[in-house]
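Asker: What follows is a protein structure lacking sequence information:
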């Protein structure tokens, strides 16, 4: 009976460890994909009389392009443990204006948006099962 308990305990530890690793790897992958969606640099097309840069207009319904890098750098993940072999993470930007960039609204109106998290999540979906299988050896 002791051997059975030890075997079950080892299997449970392996499952819990695998779930933790899968969560961490999936979180990292989604952060990476979201950061990659914010491509390139917006070109400077001129300056004002006071010397402030004027940037080219962004293309609505396309991912945003970098100006300062703040939005890209703000994409982070927060990890949670909810119970035995049950882990979760929340991934997203922390910049105040990030929701308006993704979904539109505010001074831009609802139809002018620059999605980056949604396309990143669509690209992430095929990776999820692969990561889970790898870490749980399914």
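Answerer: Looks like it arrived, so ask away. From a predicted model like this one, the values you see are computed outputs, not experimental measurements.
Asker: what residue is smack in the middle of this protein?
Answerer: residue 31 (3.3 Å; C-alpha atoms, centre = their mean).
Asker: Where in the protein is the helix or strand with the lowest mean pLDDT?
Answerer: Ranked by mean pLDDT, DSSP states H and E, the weakest helix or strand in the chain is strand 39-41, scoring a mean of 80.
Asker: what about the residue nearest to the centre of the chain, distance to residue 48?
Answerer: 35 Å (C-beta to C-beta, to the nearest Å). Quick note: C-beta positions are derived from backbone N, CA and C, even for glycine.
Asker: now for the helix or strand in which the residue nearest to the centre of the chain is found, which elements pack on it?
Answerer: According to DSSP states H and E, residue 31 maps onto helix 2-37. Under the contact criterion of 3 or more C-beta pairs under 8 Å, 6 or more residues apart in numbering; DSSP states H and E, helix 2-37 touches strand 76-83, strand 86-92, helix 117-136.
Asker: What's the mean pLDDT across it?
Answerer: Mean pLDDT, helix 2-37: 90.
Asker: thinking again about what came up before, got JSON lines for the helices and strands packed on helix 2-37, with mean pLDDT and mean neighbour count too?
Answerer: Listed next are the helices and strands packed on helix 2-37 as JSON lines, based on pLDDT from 0 to 100; neighbours: other C-beta atoms under 10 Å:
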{"stretch": "strand 76-83", "mean pLDDT": "93", "mean neighbour count": "11"}
{"stretch": "strand 86-92", "mean pLDDT": "94", "mean neighbour count": "15"}
{"stretch": "helix 117-136", "mean pLDDT": "95", "mean neighbour count": "15"}
